[in-house]
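> Could you look at this predicted model? Sequence included:
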Amino acid sequence: MIPVERQRRIRQAIEAKGMVSIAELVEMLDVSHMTVRRDLQLLEQEGHLNLVSGGAQKVSRFFTELPINEKRELQYPEKLAIAREAVKMVRPGTAIYFDAGSTCLAVAEEIVRRPALRDSIIAVTNDFSVANHFMLNSRCRLYHTGGEVLRDNKSCIGELTASLISGLNIDLAFLSSSSWNETWMSTPNEAKIAVKIAAVKASERAVLVTDTSKFGKVGFFNVIKLQDLDAVITDNALAPEKQDHLLQTGVNLKLVEPLSDDTEFETLSLG
């Protein structure tokens, strides 16, 4: 049986049952454990399943996101550490795009805590919370993209938003994602795709800032391959084998230790 056919049958089995063991697949396909493991690893990298101990389970795709007020409190120590690492990439005068999301808001808050940065950067964002934070707490040049308003997310989306971003020359873009895996960052909202892609194309450097609670989740729409980004900053709860795979496939991965607001930390830089 050729690999493509094996992998198709594996996907069918997982779709039907939700979870299958390696032993079941070995018997069903009449191949070795090693062959099944290789197929499962490939299918996981492509976002078709999640590996678990002794087998694989169906990926739960999602089509909506939590409102920003709920996301704000989730994994806050991780977001704080990610933000502090992200700000190391910022210099006075940097033109920065801040994507919509609670982690990008944490980056904006961290910049405001730095007197040398908060009044000197150029901030561009589609996020009303980010714009409001800079408006109230800094004197930096500030641009909001406008566009169709997504109320729950307190941000703007769609082609109008993307068009504004496409006309700019941005030094650094901080991107958010509610779902990412070993290959892609994804989204459940089609109208966010054009905005994120426009930000990557308009920026000298683009960095994904996201915690590991979102790893392995799959939005309905793939957006950007991780290898096409300049860095991924996340927390160190990412499984070692996932770290190894990301590094081997060319992802500039930076891991941070979660911390409280008054805790110093060291970054585990792997890329």
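Ah, there it is. Numbers count the residues shown, from 1 in each chain.

> So the most centrally placed residue in the chain: helix, strand or coil?
Note on the chain: the residue nearest the mean C-alpha position is residue 177, at 3.7 Å, using CA atoms, centre = their mean. Secondary structure for residue 177, judged by DSSP: H, G, I helix; E, B strand; the rest coil, is coil.

> how close does it get to residue 136?
27 Å (CB to CB, to the nearest Å). In short, each C-beta sits where N, CA and C put it, glycine included.

> Report the beta-bridge partner residues of the residue lying closest to residue 217 once chain neighbours are set aside.
Spatial nearest neighbour of residue 217, excluding adjacent residues (CB to CB, 6 or more residues apart in numbering): residue 179 at 3.8 Å. For residue 179, the beta-bridge partners are residue 186 (DSSP bridges).

> Just confirm residue 179 contacts residue 213, I think it does.
No - if you go by CB atoms under 8 Å, residue 179 and residue 213 don't touch, sitting 10.4 Å apart.

> Name the nearest residue to the residue nearest to the centre of the chain, sequence neighbours excluded.
Excluding the flanking residues, the one nearest residue 177 by CB to CB, 6+ apart is residue 185, at 4.0 Å.

> That neighbour touches residue 192, doesn't it?
No - assessed by CB under 8 Å, residue 185 is found out of contact with residue 192, at 10.5 Å.

> which one of the two has more residues nearby?
Ranked by neighbour count (other CB atoms under 10 Å), residue 185 and residue 192 place residue 192 first, with 28 against 24.

> got the contact list for the more buried one?
Applying CB atoms under 8 Å, 6 or more residues apart in numbering to residue 192 gives the contacts 100, 157, 221, 223.

> So which bits of the host helix or strand of the last one are buried?
Okay, so that is residue 223. In this assignment (DSSP states H and E), residue 223 forms part of strand 221-225. Across strand 221-225, burial judged by 16 or more other CB atoms under 10 Å covers 221, 222, 223, 224.

> neighbouring contacts of the following helix or strand past that strand?
Moving toward the C-terminus from strand 221-225, the first helix or strand encountered (DSSP H and E) is strand 231-235. With contact meaning CB under 8 Å, 6+ apart, strand 231-235 is reached by 75, 78, 81-82, 85-86, 89, 180, 205, 207-212, 215, 226, 246, 251-258, 271.

> partners of strand 231-235 in the sheet?
Next to strand 231-235 in the sheet, as set by DSSP bridges, lie strand 203-209 (parallel), strand 253-256 (parallel).

> Buried deepest among those strands, which one?
Most buried of those by mean neighbour count (mean count of other CB atoms under 10 Å) is strand 253-256; its value is a mean of 22.

> just the contacts of residue 192: which has the poorest pLDDT?
Lowest pLDDT within the contacts of residue 192 is found at residue 221 (91).

> That one reaches residue 187, doesn't it?
Yes - proximity of residue 221 to residue 187 meets the contact threshold set by CB under 8 Å, at 5.4 Å.

> Return every residue with contacts to both of the two.
Contacts common to residue 221 and residue 187, judged by CB under 8 Å, 6+ apart, are residue 193.
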